[in-house]
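**Student:** Structure of the sequence below:
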Amino acid sequence: MKKIIIASLAVTLAGPVMAQSAAEKTGVNSLMGTAPKTEDFVLEAATSDMFEIESSKLALERGDAATKNFAQQMVTDHQKTSSELKALISGGKVKAELPSAMTSAQQDMLDKLKGLQGDDFIEQYHSDQESAHEDAVDLFERYGEGGDNAELKAWAASTKPALEHHLQMAEELNR
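**Tutor:** Purely as a prediction, here's the structure:
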């Protein structure tokens, strides 16, 4: 029974990340401080934006005043970075495909948020935001320092300070 559960879990999780390298998917690149491949960076950055936008739209409906202020900035800023990334790809400066949906893990986090209300929602949203922005800062830092596409590398480096500010704001929400 245990083998069946593990096998079905592996199949379920493998679908959305098939294009992602094993080193990036497992977190090995992050632990070693290695830049992700361009395709992995685009996948991670785009799906992160998707999660930020969708979870923050939900927070605009369910959050308290401080949460709504934070969420509005997340929607605005992450729509901007999504547009910038799309422009780099559609303009031919970056050879990668944009994903059409967030990862299954991100979708699970969003689904969990959808099932929460009140303080439970606010606490989970704040926690998710801090975690997501820690990951984003790490991703953008690694690609901005060692990425293999000059245009995307410059964009990652110039976007990182805004993500660091988002992380600081998320940490303050969790105090």
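
**Student:** excluding its backbone neighbours, what's nearest the spatially most central residue of the chain?
**Tutor:** Nearest residue to the geometric centre of the chain (CA atoms, centre = their mean): residue 48, 2.0 Å. The shortest distance from residue 48 to any residue other than its chain neighbours is 5.3 Å, reached at residue 136 (CB to CB, 6 or more residues apart in numbering). Heads up, the C-betas are built off the backbone N, CA and C, glycines and all.

**Student:** buried residues in the helix or strand harbouring the one you found?
**Tutor:** Using DSSP states H and E, residue 136 sits in helix 118-146. For helix 118-146, a neighbour-count test (16 or more other CB atoms under 10 Å) marks 121-122, 124-126, 128-130, 132-133, 135-144 as buried.

**Student:** roughly how far out does that helix sit from the chain middle?
**Tutor:** 7 Å (CA atoms, centre = their mean, to the nearest Å).

**Student:** can you give me the mean pLDDT across it?
**Tutor:** With pLDDT averaged residue by residue, helix 118-146 scores 96.

**Student:** Report all helices and strands that the very next helix or strand once past that helix contacts.
**Tutor:** Helices and strands here follow DSSP H and E; after helix 118-146, the next one along the chain is helix 150-173. Secondary-structure packing of helix 150-173 (3 or more CB pairs under 8 Å, 6 or more residues apart in numbering; DSSP states H and E): helix 38-62, helix 65-90, helix 118-146.

**Student:** Of those helices, give the one that comes closest to residue 170.
**Tutor:** helix 118-146 (4.1 Å; CB to CB).

**Student:** Report the angle between the closest one and helix 65-90.
**Tutor:** 30 degrees (axes from the mean of the first three to the mean of the last three CA atoms, to 10 degrees).

**Student:** okay but residue 34 is in contact with residue 143, surely?
**Tutor:** No. Using CB atoms under 8 Å, residue 34 is not in contact with residue 143, being 10.1 Å away.
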